[in-house]
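Q: My questions are about this predicted structure, shown below with the sequence.
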Amino acid sequence: MGGRGIDSEDMPTGGSGGGGRPFIPKVRLSDDGEFCRFRFLTEHDEIFWERFHKLGQGSDFRGYTVCLNSALDQDCERCEKDEKPATTLFLTWVYEFSHFYPPTSEAKTALKKMKERDKNIVIKKTKVGDKPFFEVEVNEPMLMQYSTFFRGPIKTRAERHGTLLDSPFEWIRNGERGEQQLSYVLEALDKEKMPKELKELMASLPDLEDVALGRVETLDQDGEEKEDSDNFLEEKGKKSADDDLGLDDDGNEEDDF
């Protein structure tokens, strides 16, 4: 079985990160400069890691499955069949507040499909610094599942401050689609106490080892608790001046959505 802790010396590195979202939604950044804002719901010494086999290739990527040889000391058919060895991924829970997409053609296509699936989704045109983005409200617990190759910024934060739970963060992608020299930046926002609603949510989330082994494949949350949490965060993170962003009355960007 794998281990715990983002700073574990036993954790191998290498491989590629990301993940799909067939059951439990996962953090995924696809474009250079794309980022999300979230809070960690897993402390650094509870972050779980294990070896996984990649399912599918390229546009047919279908996520990861745990390596049975590494996790359970059982014969693993994929170890014998796959040309590439299993890669070590770390898993941690986060609560994503919002997601920021650069205005690429791929992102616009993805956002239009997102809007078709969910008519209630709020997409805003905004700027961060002098760069334009499409901002999507998320307000949802998510799973971060990335290669340990990208653990550096999180490990450094944990070592310097002793905790990941003292502030919200931005997780920023550096690297175009298909680029080999991909990296991520973890940028801390202003420190603030963990809201009570998120503490309760954190305590209710499944154990990451159970998620890694496929024992848990969905989040069955209490509806009332989730609603309370979302209402708190929506009020806290409310943006202003939709008209200044060129949005319609529903908060959607007029030209593209």
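A: Yep, that arrived.
Q: what about E197, distance to R39?
A: 11 Å (C-beta to C-beta, to the nearest Å). Using the backbone N, CA and C atoms, a C-beta is placed for each residue, glycine as well.
Q: Look at these two and report which has more neighbours.
A: R39 (22 against 17; other C-beta atoms under 10 Å).
Q: Can you check my assumption that that one lies in a strand?
A: Yes. Looking at R39 with DSSP: H, G, I helix; E, B strand; the rest coil, it is inside a strand.
Q: and it, what are its bridge partners?
A: Note on R39: beta-bridge partners Y95, judged by DSSP bridges.
Q: what's near enough to touch the most centrally placed residue in the chain?
A: The residue lying closest to the centre of the chain (C-alpha atoms, centre = their mean) is V27, at 2.0 Å. By C-beta atoms under 8 Å, 6 or more residues apart in numbering, the residues touching V27 are 19, 36, 38, 94, 96, 142-145, 171.
Q: and the strand ranked longest in the chain, what does it pack onto?
A: The longest strand of the chain (DSSP state E) is strand 131-147. The contact analysis (3 or more C-beta pairs under 8 Å, 6 or more residues apart in numbering; DSSP states H and E) places strand 131-147 against strand 87-101, helix 105-117, strand 123-128, helix 223-236.
Q: switch the cut-off to 7 Å
A: strand 87-101, strand 123-128, helix 223-236 (3 or more C-beta pairs under 7 Å, 6 or more residues apart in numbering; DSSP states H and E).
Q: Against which helices or strands is the first one packed?
A: Yep, that's strand 87-101 we're talking about. Strand 87-101 packs on strand 35-40, strand 48-54, strand 131-147, helix 208-212, going by 3+ C-beta pairs under 7 Å, 6+ apart.
Q: and the ones you listed as TSV, adding mean pLDDT and distance to G2?
A: Shown next, in TSV, are these (pLDDT from 0 to 100; distance: least, C-beta to C-beta, whole Å):
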stretch	mean pLDDT	distance to G2
strand 35-40	98	19
strand 48-54	94	3
strand 131-147	96	13
helix 208-212	94	7
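Q: Make CSV out of those and add distance to R4.
A: Listed next are those as CSV, based on distance: least, C-beta to C-beta, whole Å:
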stretch, distance to R4
strand 35-40, 14
strand 48-54, 6
strand 131-147, 15
helix 208-212, 8
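Q: wait, which of the ones you listed is closest to R177?
A: strand 35-40 (15.3 Å; C-beta to C-beta).
Q: can I assume A107 is in contact with G33?
A: No. With contact defined as C-beta atoms under 7 Å, A107 does not count as touching G33 (10.1 Å).
Q: for the nearest residue to K124 once chain neighbours are set aside, what are its contacts?
A: Once flanking residues are discounted, K124 sits nearest to E135: 4.5 Å by C-beta to C-beta, 6 or more residues apart in numbering. Neighbouring residues of E135 by C-beta atoms under 7 Å, 6 or more residues apart in numbering: 98, 100, 124, 126.
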